[in-house]
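# Need a 3D model of the following:
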Amino acid sequence: SFHVAVCLLLGAPLGTEGVPRGIRRFKSADMGVPIRIRGSEGGLAKSIRGLNKVKGLFASLVHVGDHVVKGIGKTGFSAKLVSNHKIKSAKGGHDILAYVATPNGNISNPGVLILIHEAFGLNPSIAEKADALAEKLNCVVIAPDTFRGAATTFIPYVIWLALTTPQQRVNDDLDDVMTWAKSRYSPDKLAVMGFCYGGGKAIRYTTSRSPDSATVIFYGSPLIDPTALSQLKGPVLGIYGEKDLQFPTWLLDDFRRALREAGIEFQLEIYEGVGHAFWSDMHQVEKGVEPVTAAWKKCTGFLSQFFSNSS
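As a prediction, the model looks like this:
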């Protein structure tokens, strides 16, 4: 269904989860708590499932709308125009477009940050953030195009791109980006950061391919499997909005419990009064808009500490 497609795009729960036999559990982004119904799935259970799907669809549409209203996608752009480097894929033979940002002057931080775009593709907003992060952290920031040249502001195509970009393919491209970064910059440490779609891709990449890297997730799909998370050796920072309908507080509580169970060093910040995609551009940081400025300081402080820690 359309709801399922949008939820898969955004990494959202579909409304039910498997629990011990005889119990059905339904979670609502609005309710914030699970509802458990024993026995077979009767009329009440089906009604609650339908209600959750309607609420989930509304949350999904709000989620996409947040990106449009807050600046991403208001003007046309091309990943080819935004990128300033081409990285040759060792496996596929294709070129991976990327925007590479370096600080003015000498690079004193022997670290590289991989920055993954949201579902609109590699765009000027991501390039702007890459420049600011490179300057602040005094390190190299590489923002690869995981959509392989495609970028759009047309919502149906946004959904299509994300649904047809599997994690395995993203992982392979990020491996090539990592190899290129290591050969070019010889970094002591690596970190992977992403927004929304990119945040979900980031933690699923580090858990499977780059466990020593730090991971930063800005309102992206959390990974709540302790077994998968236990592969990580690097720390995790998650940043979310309290009013994010797509990633409600009960889901973030599950994320927190999974990180603790896996024994991961982590920080999980949930900012009050804001929803999804609350950080649209660097002008918000320059003007001191909250909680964007607080999230910026938390993110850069976390990464600066990781890169400077010799252990």
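# going forward, measure contacts between C-alpha atoms and count neighbours the same way
Fine.
# Find the centremost residue of the chain, please.
By C-alpha atoms, centre = their mean, the mean C-alpha position of the chain lies nearest to residue 199, the distance being 1.1 Å.
# where does that residue fall, helix, sheet strand or coil?
With DSSP: H, G, I helix; E, B strand; the rest coil as the basis, residue 199 sits in helix.
# How much space separates it from residue 288?
Shown here: residue 199 relative to residue 288, a distance of 24 Å by C-alpha to C-alpha, to the nearest Å.
# Likewise for residue 180?
On the measure of C-alpha to C-alpha, residue 180 and residue 288 end up 36 Å apart.
# Residue 260 too?
33 Å.
# Could you do residue 183 as well?
Residue 183 is 38 Å from residue 288, by C-alpha to C-alpha.
# cool, residue 125 as well?
Counting by C-alpha to C-alpha - residue 125 and residue 288 are separated by 18 Å.
# higher neighbour count, those two?
residue 125 (16 against 12; other C-alpha atoms under 10 Å).
# Confirm residue 131 sits in a helix?
Yes - assessed with three-state DSSP, residue 131 lies in a helix.
# quick one: it and residue 102 touch, right?
Yes - between residue 131 and residue 102 a contact is recorded at 7.0 Å, counting by C-alpha atoms under 8 Å.
# overlap in contacts of those two?
With contacts defined as C-alpha atoms under 8 Å, 6 or more residues apart in numbering, the residues shared by residue 131 and residue 102 are residue 141.
# Flag the shaky bits of the stretch 1-150 of the chain, pLDDT-wise.
Applying pLDDT under 70 to the stretch 1-150 of the chain flags the ranges 1-77, 109.
# Would you map the strands across the protein?
Using DSSP state E, the strands of the chain run over 16-17, 23-27, 34-38, 85-88, 95-101, 111-116, 140-144, 189-195, 214-218, 236-241, 266-271.
# closest one to residue 309 among these?
strand 189-195 (9.4 Å; C-alpha to C-alpha).
# The closest one to strand 111-116, inter-axis angle?
Per axes from the mean of the first three to the mean of the last three C-alpha atoms, to 10 degrees, the angle that strand 189-195 makes with strand 111-116 is 20 degrees.
# just checking, what packs against strand 189-195?
strand 111-116, helix 197-206, strand 214-218, helix 292-308 (3 or more C-alpha pairs under 8 Å, 6 or more residues apart in numbering; DSSP states H and E).
# okay, the angle between that strand and strand 140-144?
50 degrees.
# Outside of strand 189-195 itself, list whatever touches it.
Outside strand 189-195, the residues that reach it (C-alpha under 8 Å, 6+ apart) are 110-118, 199-203, 206, 212-220, 303, 307.
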